[in-house]
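Peer 1: Fold the following, please.
(2 chains)
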2 protein chains.
Amino acid sequence: MVRMRTAICDLLGIDLPLLAFSHCRDVVAEVSLAGGFGVLGGSMFTPEQLETELAWIDDHVQGRPYGVDIIVPERAAAMQPGAAVDMDVLQAAIPDEHRAYVAEILAAHGVRASADETASWNVPSPDDLLDVAFSHPIKLIANALGVPPAVMLERGRAAGVPVAALVGAKEHAIRQVAAGVDIIIAQGTEAGGHCGEVTTMVLVPEVVEAVAPVPVLAAGGIVTGRQMAASIALGAAGVWTGSVWLTTPEAETAPHTREKFLKATSRDTVRSKGRTGKPSRQLRSSWTEAWEQPNSPTPLQMPLQTLISEPALRHVDALAAAGDKGAQELATYWVGQGVGLMNEVKSTRNVVYEMASDYADAVERVARTLDPDTV
Amino acid sequence: MVRMRTAICDLLGIDLPLLAFSHCRDVVAEVSLAGGFGVLGGSMFTPEQLETELAWIDDHVQGRPYGVDIIVPERAAAMQPGAAVDMDVLQAAIPDEHRAYVAEILAAHGVRASADETASWNVPSPDDLLDVAFSHPIKLIANALGVPPAVMLERGRAAGVPVAALVGAKEHAIRQVAAGVDIIIAQGTEAGGHCGEVTTMVLVPEVVEAVAPVPVLAAGGIVTGRQMAASIALGAAGVWTGSVWLTTPEAETAPHTREKFLKATSRDTVRSKGRTGKPSRQLRSSWTEAWEQPNSPTPLQMPLQTLISEPALRHVDALAAAGDKGAQELATYWVGQGVGLMNEVKSTRNVVYEMASDYADAVERVARTLDPDTV
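Peer 2: Below is the predicted model:
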C-alpha cells in the first residue's frame, strides 16, 4: 500500500492526502478506512438527518478521521446569518415567473410537476448543522462558499478542528487566510459544483504562492493519481475530490444520471447558475440548457434558486430511473470535467487504491526525467 | 544546469522538453540556445518576411534545433486549400456592418480609423509559407488549428520533419493521429490564443490515454517549472508554451500591452471570437467587451475577422504606446490565464533557466512525499 506524507497528512492524521467530498456516508467512511479522508456534505440534510448520518459514520469508521462540509454563503437572499430560517419568508420571495418557468421546462418534457413540490423543500439553519457537526468527533469543518462565518471559525478553534474553505480566485484565498481559515481548497473552473473561472493548473500555484505556509488542497478535475501528483508538483499539500466518487456503487447519484456520467465526455459539462443561483458546474442536459436560453428568467439568489430547482430535479431523477424519456433528457447533477475520465463503476475503496498506485507511478515517471540514462 | 530526458527530448534532440511558441525570432533562438526548442509562429508573415526571419534564426541558433508553426484552418471563408489567396475576394466578403462596427468601437474610444486600414492587411498563402519553412533546416512543423493539410504531412514525412498539431479535445487528437500527425499538443482552455473548453488538468491525461504511444505536449497556462512537472506527471512528454515569453524584453508584445500583462490577474482574460472568428483567449479590454455585447455583429469566419480586427488593433497598439487613453483601454493581445503568474520582465534565457530549476524543485517535492520520514 502506498503511503504518503505531506503537511496535510500530518495535520489530519492520514496516510494519503486525498480528501473526498460526498453527500453519501458510505463514501465518507470507505475513503477514511482506505487511508484518505472523507468529508460529508451536510448542507442538504436537516439537523436530524445529519445526526443520523454522522452517528452512522462514527459506527463504521473505526476511529479514522473524517470531516463535515457545510455551505454558509456570505450573502443569501432573505436569510440572516445566525438567525433561524423562516421557510415561509423564503417561499414568499420566489417570483411567480420562476415557478412558472420550472413548470414550463418540465411540461415541455412531458413531466408533470406536483403542486406542493417546491413547498416540500427545507433549508436547514447552518447554525443547527454546526451544532450537530461539532457534537461528533470531526477532524475538519469546511465551508464550500465564501469566507466561513465567525461562529464556524470560533467553534473550530475551540474544538481544535481545522477550518477549510473553498476558493476560486487568489484574492479570495488571501481574504480567507486573513479571516483565520486553516486550509485553503483552491478549486479550478473544471470542478463540479460551485467554481470560478481560473483553471486548477493556474489557480493552485497562484494560491500556494499567495498564502504560504498555509496548506493548500488542489481541487477541480482531479479523478486520478497522476492528477494528484500534478497537484503536489504545483505546490499543493493534497487534493480535494468530489466527482470521482459519483460513479461508485456507494454514491447517492441517481441511477440514470450515473449512466449519463459514465458515457459523458469532458466537454459535456456546463457552468450554470440555473441550479443554485451561483455558477456551478454540472452535466449538460435539457434542464441546464433551459436556464441558458436568452429568454429564461435570471436565476434567483441563494437559497431561492435551490428551492425551485432541487425538488423539480429530484422528481425528474425518480421518473428518469423509471424510464421516462423526457425526465432522462432533463436529468443532471453536479460533476466536473473529470467526468470524461470516469468510464466504469468502481468501488470507493478501489478508487482510493487505484489513485494511490497511479500516484506512485506518476512520481516515478517524473523522477525518471532527471536521470539522463533512461526514458 | 538541469538536463531532462523524455520521448520529446529524444525526438527533437533537446535537453529540456520545453517548446516555446513565439512570433519573435529572438525568443525562438534564445530558447533553442538555452536547451529548449523555439517555434516561430509564421502565419502573420508574408513569405518574404518569413524567409528573412528564418535566415536570421539560422544565423543565430548555432545549429540548435527549432521549428515553425503555421495556421492552416480546415475551414476558412473564401479560401480554398492549395489555391492562391485572392485578397480582393476576401475584402469583398467582409460585410459593411462589420467594418462599421470596428469604426464605431474605435470612435467610442476617440480613435480615428484610417480609411485604408483593413485594405492594408495581407493573408499569406499557407503553401507559400510551407515552401519557405521547408527550405530551412527546421526540425518541427506545427499546425495551430485543425488537422494539418495533406501537403504539410507529406512534406514533413519527405523531409523527416515531425508534424505537430494543437488540439482542444480528445476526439480531435484521435482524428489528428489517424491523419498521421507525429506529436499532439493538448491545449487546455486556459491557453492564450485558440483554445477549447476543457482544462489542461483534464485534457492532458485524456489525450495521453487516447493516443499513446504518440507523444503529447501539454499546453495551456504553463508558465513555470512546477507546471512543467505537473504536465509530466499527467503523462505529457513535455510542454508547449506561449504566453510566458510575451513579457520578455525580446518579445513582439506592444509596450502598453506588456504593462497590462504584468499587472493582470488570472481572471483578466476572456475566450472570445472577436479577434479571429474562432474562440481565442486574450486579455480582456474594451475591444473584447465590444465583441461580447448582445448587439455586436457575429464575428466573421477565418480569416475575415482577422482582416478587420488585426489592422485596427495594430493601430491601437501604436496609439497606446504614445499615451492615448482610449487606445490604452482597447489594447489587447492573446494571452492565457498564466498571465496572473507573469509579474516581472525577465529575459528569455532567464525564463528557461528558472523553469528548469523550478522543475527540478518540483520533482524533488513530489518524490519526497513517498519518503515517510520527511515532510
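Peer 1: how's chain A carved up into domains?
Peer 2: Segmentation of chain A into domains, based on automatic domain parsing, reads A:1-85+A:124-251+A:345-375, A:98-122+A:253-343.
Peer 1: May I see those organised as a markdown table, with mean pLDDT, distance to residue B:171 and mean neighbour count added?
Peer 2: In short, each C-beta sits where N, CA and C put it, glycine included. Formatted as a markdown table, the entries for the domains of chain A read as follows, by pLDDT from 0 to 100; distance: least, C-beta to C-beta, whole Å; neighbours: other C-beta atoms under 10 Å in any protein chain shown:
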| stretch | mean pLDDT | distance to residue B:171 | mean neighbour count |
| --- | --- | --- | --- |
| domain A:1-85+A:124-251+A:345-375 | 94 | 18 | 22 |
| domain A:98-122+A:253-343 | 93 | 7 | 19 |
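Peer 1: would JSON lines of the ones you listed with distance to residue B:190 be doable?
Peer 2: Conversion of the domains of chain A to JSON lines gives the following (distance: least, C-beta to C-beta, whole Å):
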{"stretch": "domain A:1-85+A:124-251+A:345-375", "distance to residue B:190": "4"}
{"stretch": "domain A:98-122+A:253-343", "distance to residue B:190": "12"}
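Peer 1: Output these in a markdown table; the columns should cover distance to chain B.
Peer 2: Compiled in a markdown table, those are given as follows (distance: least, C-beta to the nearest C-beta, whole Å):
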| stretch | distance to chain B |
| --- | --- |
| domain A:1-85+A:124-251+A:345-375 | 4 |
| domain A:98-122+A:253-343 | 4 |
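Peer 1: my read is residue A:164 is in a strand, agree?
Peer 2: Yes: following the definition DSSP: H, G, I helix; E, B strand; the rest coil, residue A:164 is counted among the residues of a strand.
Peer 1: hey, what's it bridged with?
Peer 2: residue A:142, residue A:183 (DSSP bridges).
Peer 1: contacting residues for it?
Peer 2: For residue A:164, the contacting residues are A:67, A:140, A:141, A:142, A:143, A:181, A:182, A:183, A:184, A:185, A:217, taking C-beta atoms under 8 Å, 6 or more residues apart in numbering or on different chains as the criterion.
Peer 1: can you rerun that using 10 Å?
Peer 2: For residue A:164, the contact set (C-beta atoms under 10 Å, 6 or more residues apart in numbering or on different chains) comprises A:8, A:12, A:19, A:39, A:67, A:69, A:140-144, A:148, A:156, A:176, A:181-185, A:215, A:217, A:240.
Peer 1: Now intersect these with the helices, please.
Peer 2: Taking DSSP state H, the ones among these that sit in helices are A:8, A:12, A:156, A:176.
Peer 1: and the gap between the first one and residue A:231?
Peer 2: What it means is residue A:8. With distances defined as C-beta to C-beta, to the nearest Å, the gap from residue A:8 to residue A:231 amounts to 11 Å.
Peer 1: what does the last one give?
Peer 2: If you measure residue A:176 against residue A:231 using C-beta to C-beta, the figure is 19 Å.
Peer 1: cool, and the third one?
Peer 2: Between residue A:156 and residue A:231 the computed distance is 24 Å (C-beta to C-beta).
Peer 1: Over to residue A:371?
Peer 2: From residue A:371 to residue A:231 the distance is 23 Å (C-beta to C-beta).
Peer 1: And the strands in chain A?
Peer 2: Under the criterion DSSP state E, chain A contains strands at A:18-22, A:37-41, A:66-70, A:140-143, A:163-167, A:183-187, A:193-194, A:216-219, A:238-241, A:269-272, A:280-283.
Peer 1: Could you save those as JSON lines and add columns showing distance to residue B:347?
Peer 2: Output for those, formatted as JSON lines (distance: least, C-beta to C-beta, whole Å):
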{"stretch": "strand A:18-22", "distance to residue B:347": "40"}
{"stretch": "strand A:37-41", "distance to residue B:347": "44"}
{"stretch": "strand A:66-70", "distance to residue B:347": "46"}
{"stretch": "strand A:140-143", "distance to residue B:347": "43"}
{"stretch": "strand A:163-167", "distance to residue B:347": "33"}
{"stretch": "strand A:183-187", "distance to residue B:347": "30"}
{"stretch": "strand A:193-194", "distance to residue B:347": "41"}
{"stretch": "strand A:216-219", "distance to residue B:347": "30"}
{"stretch": "strand A:238-241", "distance to residue B:347": "35"}
{"stretch": "strand A:269-272", "distance to residue B:347": "38"}
{"stretch": "strand A:280-283", "distance to residue B:347": "39"}
